[in-house]
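Participant: structure of the sequence below:
(2 chains)
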Amino acid sequence: GAVVSQHPSRVICKSGTSVKIECRSLDFQATTMFWYRQFPKQSLMLMATSNEGSKATYEQGVEKDKFLINHASLTLSTLTVTSAHPEDSSFYICSAKRPQSELFFGEGSRLTVL
Amino acid sequence: QKEVEQNSGPLSVPEGAIASLNCTYSDRGSQSFFWYRQYSGKSPELIMSIYSNGDKEDGRFTAQLNKASQYVSLLIRDSQPSDSATYLCAVNMVAGGTSYGKLTFGQGTILTVHP
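Facilitator: You can find the predicted model right below:
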């Protein structure tokens, strides 16, 4: 079964609205989670590292005020795309490392901004 | 220059054949190497991880790593139509701490196994 779960799997929103995506580690605690983005026919690009109880670390070129990350508990990280625009339409994927195991990816969340 | 490079393909092989997927990386200090399989519309799933030079086998899959040549490959024996997917090479170019999740991905190779 799934080790890392994301919700929602698909979301369609109007331009200018904000969208929140949740990432949960299901049976382990994750002090660190990672958010990736994948545009059609392209590879995954790391957006940011989500740290429980502290600020996220963003990769170069990723706007921290646009992509708000909150890691309020050891099993939940959220990514909020603020004032979404059509160019933000993408497949957002989170990941977390299970102790004594490998990095697991969530199922992904496909965002479509109209 | 791309940090992790793969031939985007598509690579087409007949059922039962060996599929060979290749990947090169730019950072000589890279420590961890992964092959992921991604079906259309789905998130990546780990196929193999390899950390030291040589071959690592797991069922029909063999990963090969040559750090001197900065090259990692994946062989799929007895290819099946269900193996048809995009294969992503990923490299951890940052050592230490919580950087294990900071993977740099190649653009992926599309593999098609035809009956």
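Participant: so how far is residue B:62 from residue A:37?
Facilitator: Going from residue A:37 to residue B:62 by C-beta to C-beta, to the nearest Å gives 31 Å. In short, each C-beta sits where N, CA and C put it, glycine included.
Participant: right, I mislabeled it, should have said residue A:86
Facilitator: Taking C-beta to C-beta, one finds residue A:86 at 43 Å from residue B:62.
Participant: higher neighbour count, the two?
Facilitator: Set residue A:86 next to residue B:62 and count neighbours by other C-beta atoms under 10 Å in any protein chain shown: residue B:62 wins out with 18 against 9.
Participant: the chain: strands as residue ranges?
Facilitator: By default, I'm working from chain A. A:4-7, A:10-13, A:19-25, A:32-38, A:44-51, A:57-58, A:67-73, A:76-81, A:90-97, A:103-105, A:109-113 (DSSP state E).
Participant: chain B, not that one
Facilitator: Secondary structure of chain B (DSSP E): strands at B:4-6, B:11-14, B:19-25, B:32-38, B:45-50, B:54-58, B:61-66, B:71-76, B:85-92, B:103-105, B:109-114.
Participant: who does the longest one touch, helix- and strand-wise?
Facilitator: Helices and strands touching strand B:85-92, as assessed by 3 or more C-beta pairs under 8 Å, 6 or more residues apart in numbering or on different chains; DSSP states H and E, comprise strand B:4-6, strand B:19-25, strand B:32-38, strand B:71-76, strand B:103-105, strand B:109-114.
Participant: which residues are in contact with the third one?
Facilitator: Outside strand B:32-38, the residues that touch it by C-beta atoms under 8 Å, 6 or more residues apart in numbering or on different chains are A:103, B:21, B:23, B:25, B:44-51, B:61, B:63, B:65, B:72, B:74, B:83, B:85-92, B:100, B:103, B:105, B:108.
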